[in-house]
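>>> just need the structure, nothing else, for what follows:
(one chain, ligands or ions: 1)
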Amino acid sequence: MLKLDRVHKVYRVGTFGTDRLTAVSDVGFEVHPGRVVSLIGESGSGKSTIGRMVLRLASVTSGSITFAGNDVSQLRRHRHRKDYYRHVQGVFQDPFSSFNPIFKVDRVFEMLRSEYFPGTTDPEWRRRMGESIRTVTLDPGEVLGKFPHQLSGGQLQRLLIARALMLDLRLLVADEIISMLDASTRIDVLNLLGDLRARGLGVLFVTHDLALGTYVSDTSVILRSGRIVEMGPTGHVFAKPQHPYTRSLLASVPQLHRSWAEVDAELSAEPDGPCPVHTAADTEVLPGPLVRIDDDHFVGCSGDGTGTRC
Ligand SMILES: Nc1ncnc2c1ncn2[C@@H]1O[C@H](COP(=O)(O)OP(=O)(O)OP(=O)(O)O)[C@@H](O)[C@H]1O
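Numbering: from 1, shown residues only. Alright, predicted model coming up:
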């Protein structure tokens, strides 16, 4: 459904835009219907840039992003872009920023109406809106007609998902959607993503929170400095992490029964070992660069790709 192939993103930075910053390097993965793919990495690792490129909010410097076989950066006509957004929508970290505080929350739904549902009668529109809001386990009577400050962050986040669901949604880009929510609401939103996955929706789930990110994801893509360092079925990546960076990310998740000193000592004792990519035969090295560990489990080089800082 969604396919990223050797995607690079270079930003122009500096006072006159003369410097270059490589945010994403040689990234490739796929998101299929009914699957959740998590992009996991620390701040600045390029996760949001990837989500923004998928949503066409940032351009692709090289490589391609295709959805149902069509290159998303080549959607020149308005009707092609409109069609794309009928199937692909994003929800972001701060739900309050998506709502105008001086308007009732209903307004975010109204904005869809003129573009995608012209001619829909008021009763029909209210019926559809109510149906979508109930899908995200909210009561339309309790949330519609309210101002954003009268609702919780979790309710607003679910309303944004309900709004996306009114379209013929096939892929949701969820960028840090749980980081601003309290623990109990987080689980509600994660469970909602699980329900949507069961209904066939593909989800690209961007997170820096390893523990919660893995809760619903089928595939985990671990990013560091814009490169994939490890990628594979979530169960494999977390049961048998191959890259030292993945291991240190896992070790940094607090565990009740182990002290940090124990974890740190264990990690320090691990031999670094040769870089799996730069010691692999050329023919085995895939774009990324990545090498295959197991069926769908890949490990990459966390250096600059030249083998000098592996
Ligand atoms: N519009 C931009 N112009 C220039 N540089 C940018 C821009 N957006 C992001 N960057 C840079 O690209 C790199 C990757 O940023 P990105 O936001 O994708 O990372 P991230 O992993 O999502 O981080 P965070 O979790 O903090 O949002 C960072 O070094 C960031 O400073």
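>>> now Q157. Nearest residue, chain neighbours left out?
In this structure, Q157 finds its nearest non-sequential neighbour in P95, 4.5 Å apart by Cβ to Cβ, 6 or more residues apart in numbering. Backbone N, C-alpha and C define where each C-beta goes, glycine included.
>>> doesn't L160 make contact with that neighbour?
Yes. Counting by Cβ atoms under 8 Å, P95 touches L160, with 6.0 Å between them.
>>> show me what from the stretch 1-150 of the chain comes close to the ligand.
Proximity of the stretch 1-150 of the chain to the ligand, by Cβ under 6 Å from any ligand atom, involves residues Y11, V13, L21, A23, G41, S43, G44, S45, G46, K47, S48, T49.
>>> strands - which of the residues you listed land there?
Y11, V13, L21, A23 (DSSP state E).
>>> which residue ranges of the stretch 101-250 of the chain form helices?
106-116, 122-135, 140-143, 153-165, 183-198, 210-216, 234-239, 244-251 (DSSP state H, counting those that start in this stretch).
>>> hey, least reliable of those helices by pLDDT?
Lowest mean pLDDT within the helices of the stretch 101-250 of the chain: helix 210-216, at a mean of 74.
>>> name the helices or strands packed onto that one?
Helix 210-216 is packed against strand 36-40, helix 183-198, strand 202-207, with contacts defined by 3 or more Cβ pairs under 8 Å, 6 or more residues apart in numbering; DSSP states H and E.
>>> quick one: the second one to chain centroid distance?
Offset of helix 183-198 from its chain centre (Cα atoms, centre = their mean, to the nearest Å): 15 Å.
>>> show me what residue of the stretch 201-310 of the chain gets nearest to the ligand.
The minimum distance from the stretch 201-310 of the chain to the ligand, using Cβ to the nearest ligand atom, falls at H208 (5.1 Å).
>>> can you lay out the helices of the stretch 101-250 of the chain as a markdown table showing mean neighbour count?
Conversion of the helices of the stretch 101-250 of the chain to a markdown table gives the following (neighbours: other Cβ atoms under 10 Å):
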| stretch | mean neighbour count |
| --- | --- |
| helix 106-116 | 14 |
| helix 122-135 | 15 |
| helix 140-143 | 14 |
| helix 153-165 | 23 |
| helix 183-198 | 16 |
| helix 210-216 | 19 |
| helix 234-239 | 18 |
| helix 244-251 | 18 |
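>>> Serialize these to JSON lines and add fields for distance to T279.
Supplementary listing: the helices of the stretch 101-250 of the chain in JSON lines, determined by distance: least, Cβ to Cβ, whole Å:
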{"stretch": "helix 106-116", "distance to T279": "52"}
{"stretch": "helix 122-135", "distance to T279": "50"}
{"stretch": "helix 140-143", "distance to T279": "56"}
{"stretch": "helix 153-165", "distance to T279": "45"}
{"stretch": "helix 183-198", "distance to T279": "37"}
{"stretch": "helix 210-216", "distance to T279": "27"}
{"stretch": "helix 234-239", "distance to T279": "21"}
{"stretch": "helix 244-251", "distance to T279": "15"}
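>>> returning to what we had before: now for the ones in strands among the residues of the stretch 1-150 of the chain next to the ligand: which two are most distant?
Using Cβ to Cβ, the two most remote members of these are V13 and A23, lying 9.8 Å apart.
>>> pick out whichever of these two has more residues nearby.
A23 (23 against 12; other Cβ atoms under 10 Å).
>>> identify the residue nearest V7 in space, chain neighbours excluded?
Of all residues not flanking V7 in the chain, G63 sits nearest, at 3.8 Å (Cβ to Cβ, 6+ apart).
>>> how close does the one you found sit to the ligand?
Here the criterion is Cβ to the nearest ligand atom, to the nearest Å. By it, G63 lies 15 Å from the ligand.
>>> related to what we said a few turns ago, for the residue of the stretch 201-310 of the chain closest to the ligand, grab the count of nearby residues.
18.
>>> for the remainder of this discussion, apply numbering that starts at 37.
Sure, I'll start numbering at 37, so the last one becomes H244.
>>> wouldn't it be in contact with S79 here?
Yes. Under the criterion of Cβ under 8 Å, H244 makes contact with S79 at 6.4 Å.
>>> picking up where we left off before, got the contact list for the residue nearest to V43?
Listed by Cβ atoms under 8 Å, 6 or more residues apart in numbering, the contact set of G99 reads L40, D41, R42, V43, H44, D62, V63, G64.
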